[in-house]
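K.L.:
I'll drop the sequence and a predicted model, then ask my questions.
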Amino acid sequence: MPRSSSRSRNKPVRFGYNADGDPYPTGSRQASARALRQPGRRVVPEEPVIIEKPPKKEKELQVLQLDLLMDKNMKAHHTDEYETEEMVLRRGQSFDMEVKLHRDFMKDSDQISLEFRMGGRPIVSHGTRVPVYAVDAPPKDNLEWGLQITSVEGSKVCFTVYSSADSLIGPYELVVNTTTESGIEFEFDHPTEVFMIFNPWCKQDGVYMADKAKRDEYVMNETNRVYCGTRYKIGNFPWYQGQFEDVVLECAFHLLKKSGLAYRHRRNPVMIARTMSALLNSQDDDGVLVGNWSGDYEDGVEPWLWTGSIAIFKKYMETGKPVEYGQCWVFGSLFTSIMRALGVPTRTVTNFASAHDTDSNLTLDYHYDEDGNELDNLNEDSVWNFHVWNDSWMARPDLPEGYGGWQAVDATPQETSSGVFQMGPASLSAIKKGHVYLDYDTKFAFAEVNAETVSWIVPKDSRKPPTVSWVDSNEVGINISTKAVGKDERHDVTGDYKFAEGSNLERIAVYTASKYVKGAKNFVKDVKQDIEFKVELPEDAMIGTDFNVTVNMTNNATSSRRIYLAVNGSTIYYTGVKKARVVEKKQYVNLDAGESETVSIKCDANVYLPELTEFAGFNFFVMGRVSETKQVFSRQFDTVLDKPDITITADEDITEGTPFYAKVSFTNPLPYALNNCRFLVEGPGIDGYKEEKFRHVMVGEKVEHKIKLTPKKPGTRTLMVSFKSTELAGVRGSADLVVLAA
């Protein structure tokens, strides 16, 4: 069975793991907080801290108006794309303001200061109350706040504000204070908040990224590419990140508040990344998205139907309930959106042949009987065809020097860490070197890209122990991919995670990691083989058509060989979990010295279609056993069928704010009609996302459908469309549209 939905009528018992790997029951963060409220334990007060206003006096210096100069400041802070009513600023960078007073400002006697306040208990020592006083010169190294008056024209005062590069991230209330020569005070509360986010342009910020092209890609780019498929057949599709839309930053601050993360940690990108990896899934505290790997999505949206993050964030913020449903690429894409919105450089990463090592021993153990049949009751580990997570760029002052830079973070709920479904940040440098003892969850991430695959043959005589037929250190962590900087191409980042397979450095890293793993196993590989096996999978098989898998055997020995060949083919979920066996072949092959023979195995569409998952993937287990030498060949091979692409055309002249029509089309490849059809459309600069029902589609029919849209912004925009029916899912298409300014 596939991984079950995280939905549950009854609250599940969750488990954390202690330092020895032993499980213990755990609850939500709220339950943990309640457990701390016991007699004899100091409890942090929850009552608001009231900051009294100065009493009103006749000669006070009144502030009539505060101009935040939003257009100027947000352009200078690279935040002018944000669609919020509030001003968005990046910490560690100065910004300008203007104050209009009720009388002329006396520079020699009057004073102006500011206060930034966060939350209901603003306290200076916590960083949630930030007084900003006048300074003679800009503070050094961007590590302190300050205010410098730049000009005075009667009652108008212009000044520059310097923010600290380690300021707390989030919404601040802004207060302007004035003091006259006689000490009379006045306080002006600005009606809207100011949002402070991380600053990858600032050298003193922990997320500083020096390369402009990388900043443009990992912070500013709204359109991404997600890689999927198998190690043998890599596909991709576009994703609208939408980090500048107002709902994303709104949701980010909501999740920070919901998390209960102490304010002192809200300046730390490490803790914020870890918190977001937990709050984007619904396993703890009803986060944003419900994971579902069951294939049953009747009461929600199929994970393959989403084309961007905005629809999910909007639904979550409107309902206050977790959105149904998502899988790893959706969790990863949401994480990219929310971290880019907060100013942290982040990329979406796909690991092909991704290990899920349940017993944490750095091996994936597969058991088969002597006839080549998989023994599911003995197999607890799994290899996902692909798994999507994230890399975020940040310093790691909590670790020894040299572990900053890219950090792996995973919001998909796989295993608990410190009693919560979260993963990372794990330093890629630590993963690569095998330093699995470093925080956070580095051991789990290391296994995902480095675990060894071990095939066991279980004898019919249960008194005899299983024997290892094959060990492969090159089966997981393949073609680790992300979108290239500045172009829609795949960039291979495998070298960021691991040394070259088989190299001395790679073996040293595995050996180093194994020293910190309880129960790690080592095997001696038998490399003496005189029968060469070669398995070929189809490269361009369209869903709904028959296809063949071939096994070629060559006898390199000087005498004849008799080979028992077993091939089993199953439909699979993308997690590597098998759904149903759809093809099976067993036969003996006799080869003379130097002879070759090819065996072809046909996969009939009429047989596999009823058992196909939305992933359209297959797993083939091929085992060959040589009678004379006892040589055993046992490998698993995955492939995924092609689906039709959606073609998108639009009006030639598209103008900002003016409705236009996009025409979408594709051809039904299946030998039966499609029912319960829907299109979902999303893209940057488009007025929201649209979900439209469509009629049923006949066999072989070419579908053509027009969708009315309204562009919000000028420029080149990528429009993304997906199609779903009961019989066919995961059909996608995209097109770049040029929107003219109104």
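P.N.:
In hand now; what should we look at?
K.L.:
low-confidence ranges in the protein?
P.N.:
Where the chain drops to pLDDT under 70, the residues are 1-44, 357-361, 380-381, 507, 511, 514-528, 685-688.
K.L.:
how about the helices in it?
P.N.:
Counting by DSSP state H, residue ranges of the helices within the chain are 29-36, 70-76, 212-215, 246-259, 269-279, 310-319, 328-341, 428-433, 442-450, 494-497, 504-514, 605-608.
K.L.:
same for the fourth one, what does it pack against?
P.N.:
This points to helix 246-259. Where contact means 3 or more CB pairs under 8 Å, 6 or more residues apart in numbering; DSSP states H and E, helix 246-259 is packed against strand 170-179, strand 194-197, helix 269-279, helix 310-319, helix 328-341. In this view, the C-beta of every residue, glycine as well, is placed from N, C-alpha and C.
K.L.:
coming back round to it: tell me which of the helices of the chain sits most buried.
P.N.:
When those are scored by mean count of other CB atoms under 10 Å, the highest mean neighbour count falls to helix 328-341 (a mean of 28).
K.L.:
and Thr363, how far from Asp472?
P.N.:
The spacing between Thr363 and Asp472, counted by CB to CB, to the nearest Å, is 10 Å.
K.L.:
who has more neighbours, those two?
P.N.:
Taking neighbours as other CB atoms under 10 Å, Thr363 and Asp472 compare with Thr363 leading, 24 against 16.
K.L.:
I'd assumed Leu289 was in contact with Ser282.
P.N.:
Yes: with contact defined as CB atoms under 8 Å, Ser282 reaches Leu289; the gap is 6.2 Å.
K.L.:
who touches both of those two?
P.N.:
Overlap of the contact sets of Ser282 and Leu289 (by CB atoms under 8 Å, 6 or more residues apart in numbering) consists of Pro322.
K.L.:
more neighbours, the two?
P.N.:
Per other CB under 10 Å, whichever of Ser282 and Leu289 has more neighbours is Leu289, with 28 against 23.
K.L.:
what distance do you get for Arg340 to Tyr316?
P.N.:
In terms of CB to CB, Arg340 sits 18 Å off from Tyr316.
K.L.:
can you check His367 too?
P.N.:
Going from His367 to Tyr316 by CB to CB gives 42 Å.
K.L.:
what residues are up against Asp332?
P.N.:
No, residue 332 isn't Asp; it's Gly. Counting by CB under 8 Å, 6+ apart, Gly332 touches 226, 348-349, 388-390, 410-412.
K.L.:
reformat the residues you listed as JSON lines; add neighbour count and distance to Leu609.
P.N.:
JSON lines is the format used below for the contacts of Gly332 (neighbours: other CB atoms under 10 Å; distance: CB to CB, whole Å):
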{"residue": "Val226", "neighbour count": "23", "distance to Leu609": "26"}
{"residue": "Thr348", "neighbour count": "25", "distance to Leu609": "31"}
{"residue": "Val349", "neighbour count": "27", "distance to Leu609": "32"}
{"residue": "Val388", "neighbour count": "28", "distance to Leu609": "27"}
{"residue": "Trp389", "neighbour count": "27", "distance to Leu609": "32"}
{"residue": "Asn390", "neighbour count": "30", "distance to Leu609": "35"}
{"residue": "Asp410", "neighbour count": "30", "distance to Leu609": "33"}
{"residue": "Ala411", "neighbour count": "33", "distance to Leu609": "33"}
{"residue": "Thr412", "neighbour count": "25", "distance to Leu609": "29"}
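K.L.:
which of those residues sits closest to Thr716?
P.N.:
Closest approach to Thr716 among those (CB to CB): Val226, at 19.9 Å.
K.L.:
residues in contact with the closest one?
P.N.:
Per CB under 8 Å, 6+ apart, neighbours of Val226: 236-239, 329, 332-333, 348, 350, 388.
K.L.:
hmm, back to that, any chance of the helices and strands packed on helix 246-259 in JSON lines, plus distance to Ile646?
P.N.:
Listed next are these as JSON lines, based on distance: least, CB to CB, whole Å:
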{"stretch": "strand 170-179", "distance to Ile646": "40"}
{"stretch": "strand 194-197", "distance to Ile646": "35"}
{"stretch": "helix 269-279", "distance to Ile646": "32"}
{"stretch": "helix 310-319", "distance to Ile646": "18"}
{"stretch": "helix 328-341", "distance to Ile646": "18"}
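K.L.:
quick one, which of these gets closest to Arg231.
P.N.:
Of all those, helix 328-341 comes closest under CB to CB, at 15.8 Å.
K.L.:
got the angle between the closest one and helix 269-279?
P.N.:
140 degrees (axes from the mean of the first three to the mean of the last three CA atoms, to 10 degrees).
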